[in-house]
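>>> model the structure of this input:
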Amino acid sequence: MADAREAAPQKRLDGKVLLVTGAARRIGRSIALRLAEQGAQVAIHYGRSKAEAEQTAAECGGRVFQANLGSVAEIQKLFADVHSAYGRLDGLVNNAAVHREMKILDVTEDDWDSIHSINLKSVFFCSQAAVRLMMSSGGGKIVNISSLARISHRVARQSA
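The predicted structure is shown next:
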């Protein structure tokens, strides 16, 4: 059976500037490396993993940008910095996410707000900032990565 990449020809991304959030590790890193293989100039975003982001950037020829995506002000600065560095933006991959393994009864309001600030709010505000830049560059694409992570709790019955 042929590899899926062999079955369908890939469109080259030569000259395209793409920002990948959460690109220092795991899925984001793999996405950044694959985009670079296709000719894209990749802006590598990270939150806390500077050394890993620099390693990813070194492997794909990208540039590193740090931002706390829980802050709209930092998101706006991130996109301004990317625009300053590249002069354009052709695409965004919203990949950054946080996950905390905890029991449902232990989740506090602060936990809830922190998780959703990165996993939901940042996707909207990064997309908004990207659209503003892409409109001035002739358009672009946004890809949102999501997860099926869940919170579960087994409710034990009490005997009378």
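>>> ok, longest strand in this protein?
When the chain is parsed with DSSP state E, its longest strand is strand 41-46.
>>> please list the residues outside that one that contact it.
With contacts defined as C-beta atoms under 8 Å, 6 or more residues apart in numbering, strand 41-46 is touched by 15-24, 32, 35-36, 52-53, 56-57, 60-67, 69, 78, 82, 85-86, 96. All C-beta atoms are positioned from the backbone trio N, CA, C, and that covers glycine.
>>> could you pull out the helices for this protein?
Taking DSSP state H as the criterion, the chain carries its helices at 4-7, 26-37, 50-60, 72-86, 109-116, 122-136.
>>> give me the buried stretch members for the fourth one, please.
Right, the one you point to is helix 72-86. Within helix 72-86, the residues that qualify as buried are 72, 74-79, 81-83, 86, counting by 16 or more other C-beta atoms under 10 Å.
>>> what's the farthest-apart pair in the residues you listed?
Comparing every pair within the buried residues of helix 72-86 by C-beta to C-beta identifies V72 and Y86 as the most remote, at 21.5 Å.
>>> what is the neighbour count of G39?
13 (other C-beta atoms under 10 Å).
>>> oh, that last question was meant for G62, not what I typed.
26.
>>> who does the closest residue to it other than its chain neighbours bridge with?
The shortest distance from G62 to any residue other than its chain neighbours is 3.8 Å, reached at V42 (C-beta to C-beta, 6 or more residues apart in numbering). For V42, the beta-bridge partners are L18 (DSSP bridges).
>>> pick out whichever of the buried residues of helix 72-86 sits closest to S146.
Closest approach between the buried residues of helix 72-86 and S146, by C-beta to C-beta: I75, at 18.4 Å.
>>> tell me the pLDDT of the closest one.
Confidence at I75, expressed as pLDDT, is 97.
>>> which non-adjacent residue is nearest it?
F125 (4.9 Å).
>>> please apply the same query to L33.
C60 (5.2 Å).
>>> how much space between the one you found and G70?
26 Å (C-beta to C-beta, to the nearest Å).
>>> many thanks, I have nothing further to ask.
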